[in-house]
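Colleague: With the input below, show me the fold.
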Amino acid sequence: MTFQADLDLALELADIADAISLERFRALDLHVESKPDRSPVTDADKSVEQAIKKILEQKAPADALIGEEYGNTGSASRTWIIDPIDGTANYMRGVPVWATLISLAIDGKPTVSVVSAPALCRRWWAAPEIGAFTQDLDGKVREIKVSAISELENASLSYNNLQLWDQVGMLPQLTQLSRKIWRTRAYGDFWSYMLLAEGAVDIVAEHDLKIYDIAALVPIVENAGGEFSALNGPLTAESSSVLATNGKLHKIVSESLN
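Modeller: Model (predicted):
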């Protein structure tokens, strides 16, 4: 099975998303609402997802869709999973660290994905037998691989905000792990995982995620040679706490956090 056509479509969707999201970034009339879970949503989030949904209806009508803002459409072995703007809080505050996440899951497994961060002038993508790639600031494309770090004392860890670790009762474990490693940072959202796939970070752990936050990250990390799981076991569609590493550190970090 070849995935080039699916990847080409995902890249086309990312181009459309970038044009919409960049036009509204830092707009003085950006409309922001609060969803029932108190997370923010902007008019750009909605417009991006609507545009992607429209293209998929035209070019992949038999495929299902899971979107953050407009829910699920259809039921099929092939499901597109979309986060129109990952990092909406950054987007609405003018912080350029946000991205559109596009993934195709086949039989429940995220398989092809694109992560596009136009305000950073960066993009990442991956598919089986194709590999994981990024486009840098200069427009050049390069294949990416995770690091070869195998000792905690040399490792770099990125996590999301400390309040979430505290809420799930795991702040002591995170603190204990931080004492064993070289460096901790909270790059946050998609950015942590892309740095992992590029070999610049070795461990990423987060809580309070949904399937559309996770799906597009998995193929890029795995095709770059890394490992992705739930924090306490295999990754499923219901996983909300996740661990991603360069593979060499996965077992020891999982044991430390559990």
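Colleague: what residues are up against Pro166?
Modeller: You called it Pro, but residue 166 is Asp. Contacts here follow Cβ atoms under 8 Å, 6 or more residues apart in numbering; on that basis Asp166 touches nothing. For glycine as for every other residue, the C-beta is placed from the backbone atoms N, C-alpha and C.
Colleague: So it belongs to a strand, correct?
Modeller: No - with DSSP: H, G, I helix; E, B strand; the rest coil as the criterion, Asp166 is helix rather than part of a strand.
Colleague: Just the terminal-to-terminal distance for stretch 104-121.
Modeller: 23 Å (Cα to Cα, to the nearest Å).
Colleague: go on, stretch 225-244?
Modeller: 11 Å.
Colleague: which helix is the longest one in the chain?
Modeller: helix 4-24 (DSSP state H).
Colleague: by contact count, what packs against that helix?
Modeller: With contacts defined as 3 or more Cβ pairs under 8 Å, 6 or more residues apart in numbering; DSSP states H and E, the packing partners of helix 4-24 are helix 43-59, strand 78-86, strand 99-106, strand 109-117, strand 122-127.
Colleague: Next secondary structure after the second one?
Modeller: If you walk from strand 78-86 toward the C-terminus, the next helix or strand you reach (DSSP states H and E) is helix 88-93.
Colleague: for the longest one, same thing?
Modeller: As assigned by DSSP H and E, the chain's next helix or strand after helix 43-59 is strand 64-67.
Colleague: For my notes, confirm Gln173 occurs in a strand.
Modeller: No - under three-state DSSP, Gln173 falls outside any strand and is assigned helix.
Colleague: Tell me the spacing between it and Leu56.
Modeller: The spacing between Gln173 and Leu56, counted by Cβ to Cβ, to the nearest Å, is 40 Å.
Colleague: try Gly71
Modeller: Per Cβ to Cβ, Gly71 is found 14 Å from Leu56.
Colleague: Identify each buried residue in the lowest-mean-pLDDT helix or strand in the chain, please.
Modeller: Lowest on mean pLDDT, DSSP states H and E among the helices and strands of the chain sits strand 71-73, with a mean of 80. Under the neighbour-count criterion of 16 or more other Cβ atoms under 10 Å, strand 71-73 has Thr73 buried.
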